[in-house]
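Colleague: build me a model:
(one chain, ligands or ions: 2)
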Amino acid sequence: MKKLFIKTYGCQMNVYDSARIADSLAPLGYSAADAPEDADIVVLNTCHIREKAAEKVYSELGRLRRLKERRAEEGSRMLIAVAGCVAQAEGEEIVRRQNAVDIVVGPQSLHRIPEMIARVERREGRALETDFVPDEKFDSLPASRAEGPAAFLTIQEGCDKFCTFCVVPYTRGAEFSRPVPQILGEAQRLVDAGVREITLLGQNVNAYRGKGPCGGVWNLARLLHHLAEIYGLERLRYTTSHPCDMSDDLIAAHRDLEKLMPYLHLPVQSGSDRILDAMNRRHGRDHYLRLVERIRSARRDIALSSDFIVGFPGESDEDFEQTLTLVREINYAQAYSFKYSSRPGTPAAAARKQIPDDVKSARLQSLQGLLSAQQHAFAKSCEGLEMSVLFERRGRKPGQAVGRSPYLQPVHVDDAEHLIGMIHNVIIARALPNSLGGTLAGARPKAVAVH
Ligand code: 5AD
Ligand code: SF4
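Modeller: Ligands and ions are numbered 1, 2, ... in the order given. Below you'll find the model as predicted:
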(Lines give C-alpha, C1' and ligand atoms only; values in the text may rest on other atoms or scores of the structure.)
(Ligands and ions follow the chains in the order given, each with its own letter.)
Protein backbone atom coordinates (compact mmCIF):
# COMPACT_ATOMS: atom_id res chain seq x y z
CA MET A 1 0.00 0.00 0.00
CA LYS A 2 1.39 3.41 -0.97
CA LYS A 3 0.92 6.45 1.21
CA LEU A 4 -0.20 9.96 0.35
CA PHE A 5 0.07 13.11 2.44
CA ILE A 6 -1.76 16.27 1.37
CA LYS A 7 -1.25 19.61 3.06
CA THR A 8 -3.92 22.15 2.20
CA TYR A 9 -3.51 25.93 2.31
CA GLY A 10 -6.09 28.65 1.75
CA CYS A 11 -9.79 28.49 1.03
CA GLN A 12 -12.54 25.87 1.23
CA MET A 13 -12.24 25.34 -2.50
CA ASN A 14 -8.78 23.92 -1.87
CA VAL A 15 -10.19 21.69 0.89
CA TYR A 16 -12.67 20.31 -1.66
CA ASP A 17 -9.93 19.88 -4.29
CA SER A 18 -7.62 18.11 -1.85
CA ALA A 19 -10.34 15.58 -1.05
CA ARG A 20 -10.81 15.00 -4.80
CA ILE A 21 -7.04 14.48 -5.26
CA ALA A 22 -7.10 11.85 -2.51
CA ASP A 23 -10.11 10.15 -4.13
CA SER A 24 -8.46 10.08 -7.54
CA LEU A 25 -5.36 8.41 -6.12
CA ALA A 26 -7.21 5.82 -4.04
CA PRO A 27 -7.74 3.46 -7.04
CA LEU A 28 -3.97 3.52 -7.57
CA GLY A 29 -3.49 2.14 -4.08
CA TYR A 30 -2.72 5.35 -2.20
CA SER A 31 -4.08 5.73 1.31
CA ALA A 32 -3.67 8.65 3.70
CA ALA A 33 -0.40 9.02 5.64
CA ASP A 34 -0.44 10.69 9.05
CA ALA A 35 2.69 12.71 8.34
CA PRO A 36 4.97 13.54 5.37
CA GLU A 37 7.61 11.25 6.93
CA ASP A 38 5.42 8.23 6.14
CA ALA A 39 4.37 9.29 2.64
CA ASP A 40 5.47 8.14 -0.82
CA ILE A 41 4.01 11.30 -2.26
CA VAL A 42 3.47 14.65 -0.58
CA VAL A 43 1.11 17.13 -2.22
CA LEU A 44 1.02 20.78 -1.17
CA ASN A 45 -2.29 22.22 -2.33
CA THR A 46 -1.41 25.88 -2.32
CA CYS A 47 -2.87 29.38 -2.06
CA HIS A 48 -1.54 32.49 -3.79
CA ILE A 49 -3.98 35.08 -2.44
CA ARG A 50 -1.50 36.89 -0.19
CA GLU A 51 2.29 36.91 -0.20
CA LYS A 52 2.50 35.20 3.19
CA ALA A 53 0.43 32.25 1.96
CA ALA A 54 2.72 31.75 -1.03
CA GLU A 55 5.93 32.13 1.00
CA LYS A 56 4.78 29.48 3.48
CA VAL A 57 4.81 27.01 0.59
CA TYR A 58 8.46 27.67 -0.18
CA SER A 59 9.55 27.20 3.42
CA GLU A 60 7.56 23.94 3.57
CA LEU A 61 9.25 22.84 0.32
CA GLY A 62 12.65 23.44 1.94
CA ARG A 63 11.71 21.07 4.77
CA LEU A 64 10.38 18.50 2.32
CA ARG A 65 13.57 18.59 0.26
CA ARG A 66 15.60 17.62 3.33
CA LEU A 67 13.15 14.83 4.07
CA LYS A 68 13.35 13.62 0.46
CA GLU A 69 17.16 13.53 0.66
CA ARG A 70 17.07 11.58 3.89
CA ARG A 71 14.66 9.11 2.34
CA ALA A 72 16.90 8.74 -0.72
CA GLU A 73 19.84 7.92 1.58
CA GLU A 74 17.68 5.18 3.11
CA GLY A 75 16.98 3.90 -0.41
CA SER A 76 13.33 4.96 -0.71
CA ARG A 77 11.73 7.47 -3.04
CA MET A 78 9.40 10.30 -2.12
CA LEU A 79 7.69 12.48 -4.71
CA ILE A 80 6.81 16.13 -4.09
CA ALA A 81 3.89 17.75 -5.89
CA VAL A 82 2.84 21.40 -5.77
CA ALA A 83 -0.82 21.80 -6.69
CA GLY A 84 -3.26 24.73 -6.62
CA CYS A 85 -2.87 28.44 -7.14
CA VAL A 86 0.86 28.89 -6.49
CA ALA A 87 1.45 26.15 -9.07
CA GLN A 88 -0.78 27.98 -11.53
CA ALA A 89 0.75 31.40 -10.93
CA GLU A 90 4.41 30.48 -10.71
CA GLY A 91 4.70 27.33 -12.88
CA GLU A 92 8.33 26.58 -13.72
CA GLU A 93 9.53 29.23 -11.27
CA ILE A 94 8.71 26.77 -8.48
CA VAL A 95 11.13 24.22 -9.87
CA ARG A 96 13.77 26.93 -10.30
CA ARG A 97 13.41 27.90 -6.64
CA GLN A 98 13.15 24.34 -5.37
CA ASN A 99 14.38 21.63 -7.69
CA ALA A 100 13.26 18.79 -5.43
CA VAL A 101 9.74 19.36 -6.78
CA ASP A 102 8.60 16.59 -9.16
CA ILE A 103 5.11 17.72 -10.11
CA VAL A 104 3.55 21.16 -10.62
CA VAL A 105 -0.18 21.10 -11.28
CA GLY A 106 -2.65 23.99 -11.50
CA PRO A 107 -6.16 23.82 -9.99
CA GLN A 108 -7.81 23.09 -13.36
CA SER A 109 -5.53 20.13 -14.12
CA LEU A 110 -5.86 18.16 -10.89
CA HIS A 111 -7.47 15.24 -12.71
CA ARG A 112 -4.11 14.75 -14.46
CA ILE A 113 -2.26 13.95 -11.22
CA PRO A 114 -2.47 10.13 -11.50
CA GLU A 115 -1.00 10.20 -14.99
CA MET A 116 1.63 12.75 -13.94
CA ILE A 117 2.72 10.53 -11.05
CA ALA A 118 3.01 7.59 -13.43
CA ARG A 119 5.19 9.69 -15.76
CA VAL A 120 7.51 10.71 -12.94
CA GLU A 121 7.67 7.17 -11.61
CA ARG A 122 8.74 5.99 -15.05
CA ARG A 123 11.50 8.57 -14.64
CA GLU A 124 10.40 10.61 -17.61
CA GLY A 125 11.39 13.77 -15.76
CA ARG A 126 9.26 16.38 -14.09
CA ALA A 127 5.61 16.88 -14.91
CA LEU A 128 4.03 20.32 -15.24
CA GLU A 129 0.40 21.06 -16.15
CA THR A 130 -1.25 24.45 -15.88
CA ASP A 131 -3.99 24.30 -18.56
CA PHE A 132 -7.42 25.83 -18.05
CA VAL A 133 -10.04 23.18 -18.82
CA PRO A 134 -12.46 23.21 -15.87
CA ASP A 135 -15.17 21.08 -17.52
CA GLU A 136 -12.61 18.35 -18.15
CA LYS A 137 -11.55 18.57 -14.50
CA PHE A 138 -15.07 18.02 -13.15
CA ASP A 139 -15.87 15.33 -15.71
CA SER A 140 -12.75 13.39 -14.80
CA LEU A 141 -12.38 13.78 -11.05
CA PRO A 142 -14.32 11.44 -8.80
CA ALA A 143 -17.34 13.09 -7.14
CA SER A 144 -16.98 14.02 -3.51
CA ARG A 145 -17.29 11.38 -0.81
CA ALA A 146 -18.97 12.07 2.49
CA GLU A 147 -16.65 12.51 5.45
CA GLY A 148 -19.09 13.44 8.18
CA PRO A 149 -22.53 15.03 8.00
CA ALA A 150 -21.43 18.40 6.53
CA ALA A 151 -19.88 18.54 3.07
CA PHE A 152 -18.57 21.03 0.53
CA LEU A 153 -19.64 20.87 -3.09
CA THR A 154 -17.90 23.06 -5.66
CA ILE A 155 -20.43 24.35 -8.19
CA GLN A 156 -18.52 27.22 -9.74
CA GLU A 157 -14.91 28.21 -10.21
CA GLY A 158 -13.01 31.23 -11.40
CA CYS A 159 -13.84 34.89 -11.49
CA ASP A 160 -14.47 37.55 -14.12
CA LYS A 161 -14.60 40.49 -11.73
CA PHE A 162 -10.91 41.47 -11.72
CA CYS A 163 -10.75 43.34 -8.43
CA THR A 164 -7.45 45.18 -8.80
CA PHE A 165 -5.82 43.50 -5.75
CA CYS A 166 -6.76 39.92 -6.53
CA VAL A 167 -4.94 37.03 -8.23
CA VAL A 168 -7.96 34.74 -8.49
CA PRO A 169 -8.97 35.66 -12.07
CA TYR A 170 -5.43 34.71 -13.10
CA THR A 171 -4.95 31.57 -11.00
CA ARG A 172 -8.45 30.07 -11.22
CA GLY A 173 -9.28 31.52 -14.62
CA ALA A 174 -12.59 32.70 -16.07
CA GLU A 175 -15.92 31.91 -14.43
CA PHE A 176 -17.09 28.37 -15.04
CA SER A 177 -20.30 26.83 -13.69
CA ARG A 178 -20.81 23.09 -13.44
CA PRO A 179 -23.96 21.79 -15.14
CA VAL A 180 -27.04 21.34 -12.91
CA PRO A 181 -27.46 17.54 -13.32
CA GLN A 182 -23.85 16.93 -12.26
CA ILE A 183 -24.41 18.99 -9.09
CA LEU A 184 -27.79 17.41 -8.23
CA GLY A 185 -26.27 13.95 -8.73
CA GLU A 186 -23.31 14.72 -6.48
CA ALA A 187 -25.59 16.23 -3.82
CA GLN A 188 -27.85 13.16 -3.86
CA ARG A 189 -24.89 10.82 -3.46
CA LEU A 190 -23.62 12.86 -0.53
CA VAL A 191 -27.02 12.71 1.15
CA ASP A 192 -27.26 8.95 0.53
CA ALA A 193 -23.94 8.66 2.35
CA GLY A 194 -25.27 10.50 5.42
CA VAL A 195 -24.62 14.16 4.64
CA ARG A 196 -27.18 16.53 6.17
CA GLU A 197 -25.63 19.89 5.25
CA ILE A 198 -24.07 21.00 1.97
CA THR A 199 -22.11 24.20 1.45
CA LEU A 200 -22.02 25.15 -2.21
CA LEU A 201 -18.63 26.59 -3.11
CA GLY A 202 -17.47 29.02 -5.75
CA GLN A 203 -15.10 31.98 -5.94
CA ASN A 204 -18.14 33.89 -7.11
CA VAL A 205 -20.79 31.40 -6.20
CA ASN A 206 -23.75 33.73 -6.61
CA ALA A 207 -22.70 34.40 -10.21
CA TYR A 208 -23.55 30.72 -10.85
CA ARG A 209 -25.03 30.18 -14.31
CA GLY A 210 -25.19 26.44 -14.97
CA LYS A 211 -26.68 24.49 -17.82
CA GLY A 212 -30.07 23.06 -16.75
CA PRO A 213 -31.21 19.49 -17.47
CA CYS A 214 -33.38 20.56 -20.44
CA GLY A 215 -31.13 23.28 -21.81
CA GLY A 216 -31.60 26.76 -20.43
CA VAL A 217 -29.48 28.34 -17.77
CA TRP A 218 -30.12 28.11 -14.02
CA ASN A 219 -29.00 30.68 -11.51
CA LEU A 220 -28.09 29.99 -7.87
CA ALA A 221 -31.59 30.71 -6.54
CA ARG A 222 -33.12 28.11 -8.85
CA LEU A 223 -30.42 25.58 -7.96
CA LEU A 224 -31.02 26.14 -4.23
CA HIS A 225 -34.78 25.60 -4.64
CA HIS A 226 -34.12 22.23 -6.30
CA LEU A 227 -31.50 21.13 -3.80
CA ALA A 228 -33.93 21.98 -1.00
CA GLU A 229 -36.24 19.30 -2.42
CA ILE A 230 -33.76 16.52 -1.69
CA TYR A 231 -35.17 14.40 1.11
CA GLY A 232 -32.71 14.05 3.99
CA LEU A 233 -30.73 17.16 3.08
CA GLU A 234 -31.53 19.50 5.95
CA ARG A 235 -29.24 22.48 5.54
CA LEU A 236 -27.85 24.52 2.67
CA ARG A 237 -25.21 27.22 2.61
CA TYR A 238 -23.21 28.91 -0.13
CA THR A 239 -19.98 30.90 -0.24
CA THR A 240 -18.38 33.27 -1.44
CA SER A 241 -20.71 35.90 -2.83
CA HIS A 242 -20.12 39.19 -4.60
CA PRO A 243 -22.51 42.04 -3.69
CA CYS A 244 -23.24 42.76 -7.37
CA ASP A 245 -24.60 39.23 -7.92
CA MET A 246 -27.14 39.17 -5.06
CA SER A 247 -30.19 38.87 -7.32
CA ASP A 248 -33.76 39.49 -6.09
CA ASP A 249 -34.64 35.81 -6.32
CA LEU A 250 -31.56 34.84 -4.32
CA ILE A 251 -32.54 37.30 -1.59
CA ALA A 252 -36.09 35.88 -1.71
CA ALA A 253 -34.66 32.37 -1.30
CA HIS A 254 -33.43 33.46 2.14
CA ARG A 255 -37.04 34.23 3.01
CA ASP A 256 -38.64 31.19 1.36
CA LEU A 257 -36.25 28.29 1.91
CA GLU A 258 -36.21 27.05 5.45
CA LYS A 259 -33.22 24.83 4.67
CA LEU A 260 -31.11 27.80 3.60
CA MET A 261 -29.20 28.70 6.75
CA PRO A 262 -29.35 32.30 8.01
CA TYR A 263 -25.69 33.08 7.44
CA LEU A 264 -24.19 34.99 4.53
CA HIS A 265 -20.56 35.76 3.74
CA LEU A 266 -20.72 38.94 1.70
CA PRO A 267 -17.30 40.55 1.37
CA VAL A 268 -17.24 44.35 1.10
CA GLN A 269 -13.44 44.89 1.42
CA SER A 270 -13.73 48.63 2.25
CA GLY A 271 -16.28 51.22 3.37
CA SER A 272 -14.86 54.03 1.24
CA ASP A 273 -16.31 54.76 -2.20
CA ARG A 274 -12.97 56.08 -3.41
CA ILE A 275 -11.20 52.83 -2.43
CA LEU A 276 -14.02 50.60 -3.67
CA ASP A 277 -13.68 52.34 -7.00
CA ALA A 278 -9.89 51.92 -7.06
CA MET A 279 -10.43 48.24 -6.18
CA ASN A 280 -12.78 47.91 -9.18
CA ARG A 281 -15.43 46.40 -6.89
CA ARG A 282 -18.22 47.73 -9.16
CA HIS A 283 -20.39 48.81 -6.21
CA GLY A 284 -20.30 51.68 -3.73
CA ARG A 285 -20.85 51.94 0.00
CA ASP A 286 -24.54 52.85 -0.31
CA HIS A 287 -25.25 49.99 -2.69
CA TYR A 288 -23.85 47.59 -0.11
CA LEU A 289 -25.75 49.14 2.80
CA ARG A 290 -29.04 49.06 0.88
CA LEU A 291 -28.38 45.49 -0.19
CA VAL A 292 -27.86 44.42 3.43
CA GLU A 293 -31.11 46.14 4.35
CA ARG A 294 -32.96 44.17 1.67
CA ILE A 295 -31.38 40.89 2.77
CA ARG A 296 -32.28 41.60 6.38
CA SER A 297 -35.85 42.38 5.51
CA ALA A 298 -36.06 38.98 3.75
CA ARG A 299 -34.47 37.15 6.71
CA ARG A 300 -34.43 39.18 9.88
CA ASP A 301 -31.99 37.05 11.87
CA ILE A 302 -29.40 36.53 9.12
CA ALA A 303 -25.82 36.59 10.44
CA LEU A 304 -23.53 38.56 8.16
CA SER A 305 -19.87 37.98 7.57
CA SER A 306 -17.36 39.84 5.41
CA ASP A 307 -13.77 40.22 4.22
CA PHE A 308 -11.85 43.48 4.63
CA ILE A 309 -8.57 44.73 3.26
CA VAL A 310 -6.78 47.53 5.08
CA GLY A 311 -3.96 49.60 3.59
CA PHE A 312 -5.00 49.28 -0.03
CA PRO A 313 -2.78 51.69 -2.09
CA GLY A 314 -3.90 55.27 -1.55
CA GLU A 315 -6.08 54.49 1.51
CA SER A 316 -6.15 57.62 3.69
CA ASP A 317 -7.11 57.86 7.36
CA GLU A 318 -10.54 59.14 6.21
CA ASP A 319 -10.99 56.18 3.88
CA PHE A 320 -10.16 53.81 6.71
CA GLU A 321 -12.54 55.68 9.02
CA GLN A 322 -15.27 55.01 6.45
CA THR A 323 -14.58 51.28 6.79
CA LEU A 324 -15.02 51.54 10.55
CA THR A 325 -18.30 53.45 10.22
CA LEU A 326 -19.61 50.89 7.72
CA VAL A 327 -18.75 48.08 10.15
CA ARG A 328 -20.58 49.93 12.94
CA GLU A 329 -23.57 50.45 10.72
CA ILE A 330 -23.82 46.82 9.59
CA ASN A 331 -22.85 45.01 12.78
CA TYR A 332 -21.23 41.78 11.63
CA ALA A 333 -21.55 38.40 13.30
CA GLN A 334 -18.14 37.32 11.97
CA ALA A 335 -15.44 38.67 9.63
CA TYR A 336 -11.98 38.23 8.18
CA SER A 337 -9.59 41.14 7.76
CA PHE A 338 -6.23 41.36 6.05
CA LYS A 339 -3.44 43.80 5.38
CA TYR A 340 -3.22 44.57 1.69
CA SER A 341 -0.59 42.34 0.10
CA SER A 342 0.84 43.38 -3.24
CA ARG A 343 0.46 40.54 -5.76
CA PRO A 344 2.66 40.48 -8.85
CA GLY A 345 0.70 41.01 -12.06
CA THR A 346 -2.35 42.64 -10.46
CA PRO A 347 -3.08 46.32 -11.29
CA ALA A 348 -2.92 47.52 -7.67
CA ALA A 349 0.63 46.20 -7.30
CA ALA A 350 1.76 48.91 -9.72
CA ALA A 351 -0.04 51.74 -7.86
CA ARG A 352 2.27 54.50 -6.68
CA LYS A 353 0.87 55.15 -3.22
CA GLN A 354 1.61 51.93 -1.33
CA ILE A 355 0.85 52.18 2.40
CA PRO A 356 3.67 51.59 4.94
CA ASP A 357 3.42 48.38 6.91
CA ASP A 358 3.20 50.06 10.33
CA VAL A 359 0.13 52.03 9.16
CA LYS A 360 -1.44 48.82 7.83
CA SER A 361 -0.75 47.05 11.14
CA ALA A 362 -2.31 49.84 13.21
CA ARG A 363 -5.43 49.92 11.00
CA LEU A 364 -5.74 46.14 11.09
CA GLN A 365 -5.53 46.14 14.86
CA SER A 366 -8.25 48.72 15.29
CA LEU A 367 -10.55 47.06 12.72
CA GLN A 368 -10.04 43.64 14.30
CA GLY A 369 -10.79 45.08 17.74
CA LEU A 370 -14.12 46.36 16.48
CA LEU A 371 -14.97 43.17 14.58
CA SER A 372 -14.17 40.87 17.47
CA ALA A 373 -16.28 43.00 19.83
CA GLN A 374 -19.19 42.61 17.37
CA GLN A 375 -18.60 38.86 17.07
CA HIS A 376 -18.60 38.52 20.84
CA ALA A 377 -21.76 40.62 21.19
CA PHE A 378 -23.45 38.41 18.60
CA ALA A 379 -22.44 35.28 20.50
CA LYS A 380 -23.68 36.84 23.77
CA SER A 381 -27.03 37.57 22.14
CA CYS A 382 -27.41 33.83 21.50
CA GLU A 383 -27.28 32.95 25.21
CA GLY A 384 -30.56 31.53 26.40
CA LEU A 385 -31.81 30.80 22.87
CA GLU A 386 -32.77 27.35 21.64
CA MET A 387 -31.24 26.55 18.26
CA SER A 388 -30.74 23.56 16.02
CA VAL A 389 -27.25 22.08 15.93
CA LEU A 390 -25.86 19.63 13.41
CA PHE A 391 -23.40 17.52 15.40
CA GLU A 392 -20.27 16.87 13.37
CA ARG A 393 -17.57 15.43 15.61
CA ARG A 394 -16.45 14.50 19.12
CA GLY A 395 -15.35 17.22 21.49
CA ARG A 396 -12.32 17.22 23.78
CA LYS A 397 -14.20 16.01 26.84
CA PRO A 398 -15.43 12.39 26.91
CA GLY A 399 -19.02 12.22 25.70
CA GLN A 400 -18.95 15.77 24.35
CA ALA A 401 -19.94 16.55 20.75
CA VAL A 402 -19.31 19.63 18.62
CA GLY A 403 -21.68 20.86 15.98
CA ARG A 404 -22.67 24.02 14.15
CA SER A 405 -25.47 26.43 14.87
CA PRO A 406 -27.55 27.79 11.96
CA TYR A 407 -25.25 30.84 12.20
CA LEU A 408 -22.17 28.64 11.68
CA GLN A 409 -20.86 29.00 15.23
CA PRO A 410 -19.26 25.86 16.71
CA VAL A 411 -21.40 24.60 19.61
CA HIS A 412 -20.03 22.29 22.35
CA VAL A 413 -22.52 20.05 24.14
CA ASP A 414 -21.84 17.45 26.85
CA ASP A 415 -23.34 13.95 26.66
CA ALA A 416 -24.19 14.37 22.99
CA GLU A 417 -21.73 11.99 21.34
CA HIS A 418 -24.55 9.66 20.30
CA LEU A 419 -26.01 12.49 18.21
CA ILE A 420 -23.05 12.89 15.84
CA GLY A 421 -24.43 12.99 12.31
CA MET A 422 -27.79 14.31 13.51
CA ILE A 423 -29.53 17.59 14.16
CA HIS A 424 -30.81 18.30 17.64
CA ASN A 425 -32.03 21.41 19.44
CA VAL A 426 -29.66 22.92 21.97
CA ILE A 427 -30.16 25.57 24.59
CA ILE A 428 -27.23 27.95 24.42
CA ALA A 429 -25.84 28.43 27.91
CA ARG A 430 -22.75 30.53 27.30
CA ALA A 431 -20.71 32.39 24.72
CA LEU A 432 -17.06 31.26 24.72
CA PRO A 433 -14.29 33.18 22.86
CA ASN A 434 -14.81 31.40 19.52
CA SER A 435 -17.72 29.09 20.11
CA LEU A 436 -20.87 28.48 22.15
CA GLY A 437 -21.60 26.01 24.92
CA GLY A 438 -25.02 24.53 25.52
CA THR A 439 -27.17 21.67 26.72
CA LEU A 440 -29.50 19.41 24.77
CA ALA A 441 -33.03 20.77 24.71
CA GLY A 442 -35.49 18.36 26.25
CA ALA A 443 -32.72 16.49 28.07
CA ARG A 444 -33.65 15.63 31.63
CA PRO A 445 -31.40 17.40 34.17
CA LYS A 446 -28.87 15.01 35.70
CA ALA A 447 -29.62 13.81 39.23
CA VAL A 448 -27.55 15.73 41.71
CA ALA A 449 -25.72 13.59 44.27
CA VAL A 450 -26.77 14.44 47.80
CA HIS A 451 -24.25 13.71 50.55
N1 5AD B 1 -4.19 41.39 -0.21
C2 5AD B 1 -4.91 41.20 0.93
N3 5AD B 1 -6.05 40.52 0.96
C4 5AD B 1 -6.50 39.99 -0.20
N5 5AD B 1 -7.60 39.29 -0.49
C6 5AD B 1 -7.60 39.00 -1.80
N7 5AD B 1 -6.50 39.52 -2.39
C8 5AD B 1 -5.80 40.15 -1.40
C9 5AD B 1 -4.61 40.89 -1.39
N10 5AD B 1 -3.88 41.09 -2.49
C11 5AD B 1 -8.61 38.98 0.50
C12 5AD B 1 -9.96 39.60 0.11
C13 5AD B 1 -10.75 38.40 -0.34
C14 5AD B 1 -10.18 37.32 0.55
C15 5AD B 1 -10.43 35.93 0.10
O16 5AD B 1 -8.81 37.59 0.57
O17 5AD B 1 -10.53 40.19 1.27
O18 5AD B 1 -12.14 38.56 -0.17
FE1 SF4 C 1 -10.92 38.18 -6.33
FE2 SF4 C 1 -12.71 40.15 -6.65
FE3 SF4 C 1 -13.04 37.83 -7.96
FE4 SF4 C 1 -13.40 37.92 -5.30
S5 SF4 C 1 -14.62 39.01 -6.85
S6 SF4 C 1 -12.24 36.36 -6.45
S7 SF4 C 1 -11.86 39.40 -4.67
S8 SF4 C 1 -11.37 39.29 -8.26
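Colleague: got the residues of the stretch 151-300 of the chain near ligand 2?
Modeller: Within the stretch 151-300 of the chain, the positions near ligand 2 by C-beta under 6 Å from any ligand atom are 159, 161, 162, 163, 166, 168, 169, 203, 204, 242. No exception for glycine: its C-beta is placed from N, CA and C like everyone else's.
Colleague: among those, which are in helices?
Modeller: Taking DSSP state H, the ones among those that sit in helices are 168, 169.
Colleague: any of the residues of the stretch 151-300 of the chain next to ligand 2 buried? List them.
Modeller: 159, 161, 163, 166, 168, 169, 203, 204, 242 (16 or more other C-beta atoms under 10 Å).
Colleague: need the max-distance pair from the residues you listed.
Modeller: Across those, the longest distance by C-beta to C-beta is 12.3 Å; it joins 169 and 242.
Colleague: shared neighbours, the two?
Modeller: Common neighbours of residue 169 and residue 242, using C-beta atoms under 8 Å, 6 or more residues apart in numbering, are residue 161.
Colleague: what kind of secondary structure is the one residue in the stretch 251-400 of the chain that gets nearest to ligand 1 in?
Modeller: The nearest approach of the stretch 251-400 of the chain to ligand 1 comes at residue 307, 3.3 Å away (C-beta to the nearest ligand atom). Following DSSP: H, G, I helix; E, B strand; the rest coil, the label given to residue 307 is strand.
Colleague: let's have the chain start at 31 instead
Modeller: Happy to do that; since the first residue is 31 now, the last one works out to residue 337.
Colleague: contacts only, for the closest residue to it other than its chain neighbours.
Modeller: Nearest non-adjacent residue to residue 337, counting by C-beta to C-beta, 6 or more residues apart in numbering: residue 297, 3.8 Å away. By C-beta under 8 Å, 6+ apart, the contact list for residue 297 reads 270, 271, 272, 273, 336, 337, 338.
Colleague: before we go further, residue 297 is sitting in a strand, right?
Modeller: No. Residue 297 is assigned coil when assessed by three-state DSSP, not a strand.
Colleague: tell me which residues of the longest helix seen in the chain come out buried.
Modeller: Ordering each helix of the chain by length in residues (DSSP H) puts helix 387-411 first. Neighbour counts over helix 387-411 (16+ other C-beta under 10 Å) mark 390, 393, 394, 397, 398, 400, 401, 404, 405, 408, 409 as buried.
Colleague: can you narrow those residues to ones near ligand 2?
Modeller: Near ligand 2, by the rule C-beta under 6 Å from any ligand atom, you find none of these.
Colleague: looking at those residues, spot the one nearest residue 314.
Modeller: Residue 314 lies nearest to residue 397 out of the buried residues of helix 387-411, by C-beta to C-beta, at 19.6 Å.
Colleague: around ligand 1, which positions in the stretch 181-330 of the chain sit nearby?
Modeller: Within reach of ligand 1 by C-beta under 6 Å from any ligand atom, the stretch 181-330 of the chain has these residues: 195, 196, 297, 299.
Colleague: now the third one: how far from residue 193?
Modeller: As for residue 297, its distance to residue 193 is 10 Å (criterion: C-beta to C-beta, to the nearest Å).
Colleague: re earlier: for burial, what's the neighbour tally of the residue of the stretch 281-430 of the chain closest to ligand 1?
Modeller: Neighbourhood size, residue 337 [other C-beta atoms under 10 Å]: 14.
Colleague: surely it is in contact with residue 368?
Modeller: Yes. Using C-beta atoms under 8 Å, residue 337 is in contact with residue 368, at 7.3 Å.
Colleague: so residue 400 touches residue 356, yeah?
Modeller: No. Look at residue 400 against residue 356 with C-beta under 8 Å: they stay out of range, at 10.6 Å.
Colleague: quick check: which element contains residue 367?
Modeller: Here residue 367, judged by DSSP states H and E, is contained in strand 364-369.
Colleague: quick check: which helices or strands does that strand pack against?
Modeller: Applying 3 or more C-beta pairs under 8 Å, 6 or more residues apart in numbering; DSSP states H and E, one finds that strand 364-369 makes contact with strand 333-340, helix 387-411.
Colleague: next up, phi/psi of residue 149, please.
Modeller: Dihedral pair for residue 149: phi -60, psi -40, per degrees, to the nearest 10.
Colleague: and the residue lying closest to it once chain neighbours are set aside, bridged to which residues?
Modeller: Closest residue to residue 149 apart from its sequence neighbours, by C-beta to C-beta, 6+ apart: residue 157 at 5.1 Å. Per DSSP bridges, residues listed as beta-bridge partners of residue 157: residue 133.
Colleague: give me the neighbour count for residue 157.
Modeller: Residue 157 has 20 neighbouring residues, counting by other C-beta under 10 Å.
Colleague: just checking, it touches residue 151?
Modeller: No. Counting by C-beta under 8 Å, residue 157 does not reach residue 151; the two are 10.2 Å apart.
Colleague: what is the rounded mean pLDDT of stretch 49-64?
Modeller: Average pLDDT, stretch 49-64: 93.
Colleague: and if you look at stretch 443-462?
Modeller: Mean pLDDT, stretch 443-462: 97.
Colleague: start to end distance for it?
Modeller: One end of stretch 443-462 sits 12 Å from the other (C-alpha to C-alpha, to the nearest Å).
Colleague: repeat for stretch 361-380
Modeller: 34 Å.
Colleague: which strand residues bridge residue 33?
Modeller: According to DSSP bridges, the residues that bridge with residue 33 are residue 61.
Colleague: next up, the contacts around it.
Modeller: Residues counted as contacts of residue 33 (C-beta under 8 Å, 6+ apart) are 60, 61, 62, 63, 68, 69, 70, 71.
Colleague: change it to 10 Å
Modeller: Residues near residue 33 by C-beta atoms under 10 Å, 6 or more residues apart in numbering: 59-72, 108.
Colleague: ok, residue 326 next?
Modeller: Going by C-beta under 10 Å, 6+ apart, residue 326 touches 281, 284, 294, 332, 334, 360.
Colleague: and it, how close does it get to residue 110?
Modeller: Remark: distance between residue 326 and residue 110 (C-beta to C-beta) = 48 Å.
Colleague: can you get me a residue count around residue 382?
Modeller: When neighbours are counted by other C-beta under 10 Å, residue 382 comes out with 6.
Colleague: shouldn't it be in contact with residue 308?
Modeller: No. Counting by C-beta atoms under 10 Å, residue 308 is not a contact partner of residue 382; they are 11.8 Å apart.
Colleague: which non-adjacent residue is nearest the residue of the stretch 381-481 of the chain found nearest ligand 2?
Modeller: Of all residues in the stretch 381-481 of the chain, the one sitting closest to ligand 2 is residue 381 (16.0 Å; C-beta to the nearest ligand atom). Among residues not flanking residue 381 along the chain, residue 343 sits closest, at 3.6 Å (C-beta to C-beta, 6+ apart).
Colleague: the one you found - that's part of a strand, no?
Modeller: No. Under three-state DSSP, residue 343 falls outside any strand and is assigned coil.
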